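Enquirer: Next comes the sequence, and after it the predicted model I'd like to discuss.
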Amino acid sequence: MNFYKNFLNRKGSFRKITLMFGFTTLFLAAIALSTNIYSIIQAQQTDTKTGIFNHTQTDSTGNASWINSGNWSIVALNSSNPSFSATIEMSKPNGSAGHEHEISNFNLTETPIVEGETINLNGTSTITMRDGPVTNLTTIIAVYNESVDVYFDPEKIDNHFENQSISGIQQ
């Protein structure tokens, strides 16, 4: 009879331990899940994007005319006043004629347009050119999930980028 009582007592203790283990596991899983969800939300709502340019500019016949590289960043992307800055380094495909352009003072001229996961920013910026800075340059920035395209009004900069957007990726 004592054996049976001891068995029942052990069985009750085992149930308590199993139940506590189950609740602890459930609690830890809930914490892990909420942390993961928080990380996903933060990644989707990040207000700063940075990346690099790596673009081959082509002439009217489709031949490579310039290699564009450099860095870019957008700060306060989800605000009413995002800041865009970039450095575009250009050289001929053979490495000659290297020079650099700085882009700054981006100001929105329209409300950002959100299409799916793309954000289009229309505004003006300042770009450094050989003869000095060009201000109030119409600038269109398309921010995609993992990349960016930047387009400058070709007339104000003497078609310097061959009427093409400069493409880059996010880091």
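Expert: Ah, there it is.

Enquirer: hey, where'd the strands end up in this protein?
Expert: Remark: strands assigned in the chain by DSSP state E are 49-58, 64-75, 83-91, 99-108, 113-115, 118-129, 132-143, 147-152, 166-170.

Enquirer: Return the set of buried residues in the third one.
Expert: This points to strand 83-91. Within strand 83-91, the residues that qualify as buried are 84-88, 90, counting by 16 or more other C-beta atoms under 10 Å. The way it works is simple: take the backbone N, C-alpha and C, and place the C-beta from them, glycine included.

Enquirer: What's opposite the spatially most central residue of the chain in the beta bridge?
Expert: Central residue check for the chain by C-alpha atoms, centre = their mean: the C-alpha nearest the mean position is that of Lys49, 3.7 Å away. Lys49 has these beta-bridge partners by DSSP bridges: Ile74.

Enquirer: what's the answer for Ile169, then?
Expert: Ile52, Ser147.

Enquirer: Now the buried residues of strand 83-91 in JSON lines, please, with extra columns for pLDDT and distance to Asn122.
Expert: Formatted as JSON lines, the buried residues of strand 83-91 follow (pLDDT from 0 to 100; distance: C-beta to C-beta, whole Å):
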{"residue": "Phe84", "pLDDT": "97", "distance to Asn122": "12"}
{"residue": "Ser85", "pLDDT": "97", "distance to Asn122": "17"}
{"residue": "Ala86", "pLDDT": "98", "distance to Asn122": "16"}
{"residue": "Thr87", "pLDDT": "98", "distance to Asn122": "22"}
{"residue": "Ile88", "pLDDT": "97", "distance to Asn122": "19"}
{"residue": "Met90", "pLDDT": "97", "distance to Asn122": "24"}
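
Enquirer: Nearest to Ser104, out of the residues you listed: which one, please.
Expert: Ser85 (5.3 Å; C-beta to C-beta).

Enquirer: Just confirm the closest one contacts Thr50, I think it does.
Expert: No: with contact defined as C-beta atoms under 8 Å, Ser85 does not count as touching Thr50 (10.0 Å).

Enquirer: shared neighbours of the two, anything?
Expert: 72-73 (C-beta atoms under 8 Å, 6 or more residues apart in numbering).
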